[in-house]
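J.: just to be clear, the model below is a prediction. Sequence and coordinates:
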Protein chains: 2
Amino acid sequence: MTKIEGVMQQIKAQILQRQLTAGARIPSVRQYALQHGCSVSTVVEAYARLVSAGILESRIGAGYFICPPSIASALLSEHTIEYRREVDPLWISRQSLDAPAHMLKPGCGWLPKEWMPEQALRKALKMAAKADSSLLLDYSIPHGHVELRRYIARKREVCDIMLTLKQILVSDSATQSIDLIFRHLLKAGDTVIIDDPCYFNFRALIQAHGLNCIAVPFGKNGPEIEAFKQAMHYQPKLYLTNSGIHNPTGAVLSMQTAFEIAKIAEKNGLYIIEDEIFSDFEYVPAPRYLTLLGLKQVIQIGSFTKTLSAAIRCGYIIAQEEMIDQLIDLNIATHFNTSHLNAEIIYQALIDSSYLRHIEWLKKQLQKTMSETVKKLAVLGIYPVILPKAGIFLWCQLPVHIDAAKLSQLCLDKGIILAPGNSFSQSKNAAQFIRFNAAQCIDKKVFDVLAAALNELHLRAAV
Amino acid sequence: MTKIEGVMQQIKAQILQRQLTAGARIPSVRQYALQHGCSVSTVVEAYARLVSAGILESRIGAGYFICPPSIASALLSEHTIEYRREVDPLWISRQSLDAPAHMLKPGCGWLPKEWMPEQALRKALKMAAKADSSLLLDYSIPHGHVELRRYIARKREVCDIMLTLKQILVSDSATQSIDLIFRHLLKAGDTVIIDDPCYFNFRALIQAHGLNCIAVPFGKNGPEIEAFKQAMHYQPKLYLTNSGIHNPTGAVLSMQTAFEIAKIAEKNGLYIIEDEIFSDFEYVPAPRYLTLLGLKQVIQIGSFTKTLSAAIRCGYIIAQEEMIDQLIDLNIATHFNTSHLNAEIIYQALIDSSYLRHIEWLKKQLQKTMSETVKKLAVLGIYPVILPKAGIFLWCQLPVHIDAAKLSQLCLDKGIILAPGNSFSQSKNAAQFIRFNAAQCIDKKVFDVLAAALNELHLRAAV
């Protein structure tokens, strides 16, 4: 914290503690500087910022005053959240994103911030602060950050995928990538295939586009082939899935299944969107549809949210050059441009020599936490359906008679946000399932609250 | 540039100049450090980054080598752009965004980077590099950056608009704001009203949504009232316009026109989206529909692109709390989250005490450039339809027989990107008009090329 921020914090704290109330005059710049032993220029800047922020007002010739309550009280009012809704595809997102800092989030889809490469990002930000001015000020070229695209192309070579830079579009996020592709390829009423269960936000996105969807059961080797074949009767346009590590099940596509699905897709001209978002957690890369079918039918998307930062939005789309060109038109119409600075920060953090070490550390850490979490859940009678080889998720079955939605509501009241199974399930046959994020299950309180809530539900069932 | 970047640049330059070719072995870390008088650790880090970036490869025990041409040549291939298309609503955007640095862009919609507050942004970035880790790593709460919302609310008080923080949503851009609102309020086939002429990207956005649109002639006091009234027969759902300073005409809504349009909107339950993007350039705030009609019917959107940075994407939506809540669901489904870090950097730059001075400087600079540009255009027989009170645009009529699209194509070949009138006009009756961005008209070459192109077109017409 700089000295200027120190002064700002002190005044804000006094307002929050009601030592300073609306209309109160605060010390002059000179007085404040004298009283707190800081320089006049520090206080001038701090006051000026508090004026800009609407916390102080300056009356000419009279000094500085605390603003009326309408503004100042807003300082206090933000973090009281009353958010109740049915368990729908957006339930987990809204709960997790709105949650005050003290709540625990074994249901959320991201890593704790202590696990993220904070120093590498700070370094990248410092570099950005000194970067060429066009990185700070100008729009990006429509395809996005050149070096980041080269990095993305390079990474694909491991899977025998050779890309040109014009087959890559830098976007704002994995979600926005899918959204753009949906807008380009589909219209309301079209049919798509998703996995059952699948990432809940895929379902929210499909709802937002007014699409019909067929959910194909997803087992430990991938989608059920027979059901996938049956789904072709409905003439689906597109299949949306995770590549590498599946969310929420943690399962990995087998080569045989990949081959069978690829053949069906090829025969039926079905597009496949592969979401690469968890690919950095893989030990051994699972088969990719892109390797089998190429860019004629497969589009890869992803982001850096899971391993670098959720605060710096940056994603990508890999598709044929012509499709990328059309997606750019759509991106200009609906977003105009993608954040050039974000791409630069992400790129610098990715090529920092610490990044690969960080990923190795993360993977080990996850493996350890995963096996500890499995043990702790077993004590409560909660068992994973699959023991994942990698990743962050455990897809678990609850004890008989326990409904995941009820359990989640009970736990929410005790400050724990869970991820009930039906948020992930189009067929709603996952009422007895729940997804745990192992990295968010370190705190003993998660299991204490779970135990108490399970007890209460067992008692209710017994009555 | 840091020492590490220096080493990277040097090696990249050698590849570009073909002094180093694919497969070539480069000096060992120690040799390089010795030869160039830099530290071993600098070279280690530079080499590691070049490996991550796919430019070098490391072979254990053998040293570092330049990667095969597929990758290394990509270094060269990016900036050759062949982009030809009809003049459509996206023409100007694609030309301007794709343009190599040496091209001049009097047709683009942004200020030259030399006019942007570079130092304030660098300072904000340095502060961000030291900020609380959650700002760097975590998702934002769904409404977005609290202090930025308070700043936005505070600014509205000048126009007698009192807002709560829950009536504001931080978004990624002004364009994304409109896109979200369209998705929430409209469906394909619905009818909307736009100005004729209007910002070309409004037309691209309307096309992307499959909406019908009625273009109401926009004069020097705002939309033509009689035409606006007639448009009600088509039961439009929404009217999209610029508040403050109109793009492309530079006109300002008069109080009488605002009142008449507001009455028509009220009677017909018509939503109005006011785009505040040029509001910081106003000397005297023009009437706002939001002041007259309130949040029941009016939604304000905007961003900080024009006065702070185009590279740091950040916008906002002001609407009723319930609508904001629904827009948040839609934002999660389609974007998941908004960039928290961008909002923080923008906020810090806004409350920096230099920001207001910067705006004052910008306004004076624009006024000066505007009047100089008017004079230089007059010499060529090009005259503004309105002499704008503020802002960056001059909407000009060309000499008789001169077609703006043809003129633009001719100038494009000479390295000048113009903004032909029909890109802005739904009715296509602006073939003889053109928009100039005064701030991008400093270079004499703009007028030389224009003069030569006009001559050529005059000659062609005479044949």
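T.: Everything's here; your move.

J.: tell me which residues touch A:W395, please.
T.: With contact set as CB atoms under 8 Å, 6 or more residues apart in numbering or on different chains, A:W395 has these partners: A:P197, A:P248, A:T249, A:G250, A:P384, A:V385, A:I386, A:F433, A:I434, A:R435. For glycine as for every other residue, the C-beta is placed from the backbone atoms N, C-alpha and C.

J.: one more pass at 7 Å, please.
T.: A:P248, A:T249, A:G250, A:P384, A:V385, A:I386, A:F433, A:R435 (CB atoms under 7 Å, 6 or more residues apart in numbering or on different chains).

J.: with A:A153 instead?
T.: A:L163, A:L165, A:I168.

J.: want to throw the contacts of A:W395 into a markdown table with neighbour count?
T.: Shown next, in a markdown table, are those (neighbours: other CB atoms under 10 Å in any protein chain shown):
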| residue | neighbour count |
| --- | --- |
| A:P248 | 30 |
| A:T249 | 25 |
| A:G250 | 24 |
| A:P384 | 20 |
| A:V385 | 17 |
| A:I386 | 16 |
| A:F433 | 22 |
| A:R435 | 29 |
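
J.: would CSV of those with secondary structure be doable?
T.: As requested, these are exported to CSV (DSSP: H, G, I helix; E, B strand; the rest coil):
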residue, secondary structure
A:P248, coil
A:T249, coil
A:G250, coil
A:P384, strand
A:V385, coil
A:I386, coil
A:F433, strand
A:R435, strand
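
J.: least confident secondary structure element in chain A?
T.: The helix or strand of chain A with the poorest confidence is helix A:74-77; it has a mean of 41 (mean pLDDT, DSSP states H and E).

J.: the contacts of A:A153 in strands, which ones?
T.: Secondary structure from DSSP state E places A:I168 of the contacts of A:A153 in strands.

J.: between the contacts of A:A153, which sits nearest chain B?
T.: A:L165 (5.6 Å; CB to the nearest CB).

J.: so the closest one touches A:R149, yeah?
T.: Yes: the criterion here is CB atoms under 7 Å, and A:L165 meets it with A:R149 at 4.9 Å.

J.: those two: who's more crowded?
T.: Set A:L165 next to A:R149 and count neighbours by other CB atoms under 10 Å in any protein chain shown: A:R149 wins out with 25 against 19.

J.: okay, A:T42: pLDDT?
T.: Reading off the confidence values, A:T42 has pLDDT 89.

J.: I misspoke; the intended subject was A:F182.
T.: For A:F182, the predicted pLDDT is 97.

J.: give me the nearest residue to it, chain neighbours excluded.
T.: Computed as CB to CB, 6 or more residues apart in numbering or on different chains, the closest residue to A:F182 that is not its neighbour in sequence is A:H209, at 5.1 Å.

J.: ok, that neighbour - how many residues close by?
T.: That count, for A:H209 with other CB under 10 Å as the rule, works out to 21.

J.: so what are the domain limits for chain A?
T.: Taking automatic domain parsing as the criterion, chain A consists of the domains A:3-77, A:91-108+A:356-462, A:118-351.

J.: which of those domains has the lowest mean pLDDT?
T.: For the domains of chain A, mean pLDDT drops lowest on domain A:3-77, to a mean of 79.

J.: tell me how far it is from the chain's mean position?
T.: Mean-position distance between domain A:3-77 and its chain equals 36 Å (CA atoms, centre = their mean, to the nearest Å).

J.: rewinding a little: just put the contacts of A:A153 in TSV and tack on distance to A:P420.
T.: Listed next are the contacts of A:A153 as TSV, based on distance: CB to CB, whole Å:
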residue	distance to A:P420
A:L163	39
A:L165	42
A:I168	36
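
J.: just checking: which of the contacts of A:A153 also lie near chain B?
T.: The overlap between the contacts of A:A153 and the neighbours of chain B (CB under 7 Å from any CB of the partner chain) comes to A:L165.

J.: nearest to B:T334, of the contacts of A:A153?
T.: Relative to B:T334, the closest of the contacts of A:A153 is A:I168; by CB to CB it sits at 21.0 Å.

J.: which parts of the longest helix anywhere in chain A are buried?
T.: Longest helix in chain A, counting residues (DSSP state H): helix A:354-379. Buried residues in helix A:354-379, counted by 16 or more other CB atoms under 10 Å in any protein chain shown: A:Y355, A:H358, A:L362, A:K363, A:L366, A:Q367, A:T369, A:M370, A:T373, A:V374, A:K376, A:L377.

J.: need those in TSV with distance to B:Y289, can you?
T.: TSV is the format used below for the buried residues of helix A:354-379 (distance: CB to CB, whole Å):
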residue	distance to B:Y289
A:Y355	49
A:H358	50
A:L362	51
A:K363	54
A:L366	52
A:Q367	58
A:T369	54
A:M370	55
A:T373	54
A:V374	58
A:K376	57
A:L377	56
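
J.: the residue of chain A most remote from its centre and A:C396, how far apart?
T.: Farthest-out residue of chain A from its mean C-alpha position, per CA atoms, centre = their mean: A:G61, at 50.0 Å. Separation of A:G61 from A:C396 (CB to CB, to the nearest Å): 68 Å.

J.: same deal with A:A153?
T.: 38 Å.

J.: next: A:Q230.
T.: As judged by CB to CB, A:Q230 and A:C396 stand 28 Å apart.

J.: and the two? Which one has more around it.
T.: A:C396 (23 against 12).

J.: tell me which element the more buried one is part of?
T.: Assignment of secondary structure by DSSP states H and E places A:C396 within strand A:393-397.

J.: got it, and A:G381?
T.: Here A:G381, judged by DSSP H and E, is contained in no helix and no strand.

J.: what is the neighbour count of it?
T.: If you count neighbours by other CB under 10 Å, A:G381 ends up with 14.

J.: in this structure it contacts A:V400, no?
T.: No: using CB under 7 Å, A:G381 is not in contact with A:V400; the gap is 8.9 Å.

J.: quick one on the thing from earlier: from the buried residues of helix A:354-379, pick the one nearest B:I417.
T.: Nearest to B:I417 among the buried residues of helix A:354-379 is A:Y355, at 38.3 Å by CB to CB.

J.: who touches the closest one in this structure?
T.: Counted by CB under 7 Å, 6+ apart, A:Y355 has contacts A:P117, A:A120, A:A349.

J.: ditto for A:I168
T.: Residues near A:I168 by CB under 7 Å, 6+ apart: A:H143, A:R149, A:I152, A:A153, A:Y316, A:I318.

J.: what segments of the stretch 1-150 of chain A are strands?
T.: A:25-26, A:56-59, A:63-66 (DSSP state E, counting those that start in this stretch).

J.: and the longest helix of chain A, how far from the chain's centre?
T.: A distance of 19 Å separates the centroid of the chain from that of helix A:354-379, by CA atoms, centre = their mean.

J.: that helix vs strand A:393-397, what angle?
T.: Helix A:354-379 and strand A:393-397 are oriented at 10 degrees to each other (axes from the mean of the first three to the mean of the last three CA atoms, to 10 degrees).

J.: A:Q176 against A:G315, yeah?
T.: Yes: contact between A:Q176 and A:G315 holds when scored by CB under 7 Å: they sit 6.2 Å apart.

J.: looking at these two, which is more packed in?
T.: When A:Q176 and A:G315 are compared for neighbours, A:G315 comes out ahead with 30 against 24, by other CB under 10 Å.

J.: what sits against that one?
T.: Counted by CB under 7 Å, 6+ apart, A:G315 has contacts A:S171, A:D172, A:S173, A:A174, A:Q176, A:S177, A:I301, A:G302, A:S303.

J.: same thing with A:Y383?
T.: A:C396, A:Q397.

J.: one more time with 6 Å
T.: A:Q397 (CB atoms under 6 Å, 6 or more residues apart in numbering or on different chains).

J.: and A:R84, what's its pLDDT?
T.: A:R84 is assigned a pLDDT of 47 by the prediction.
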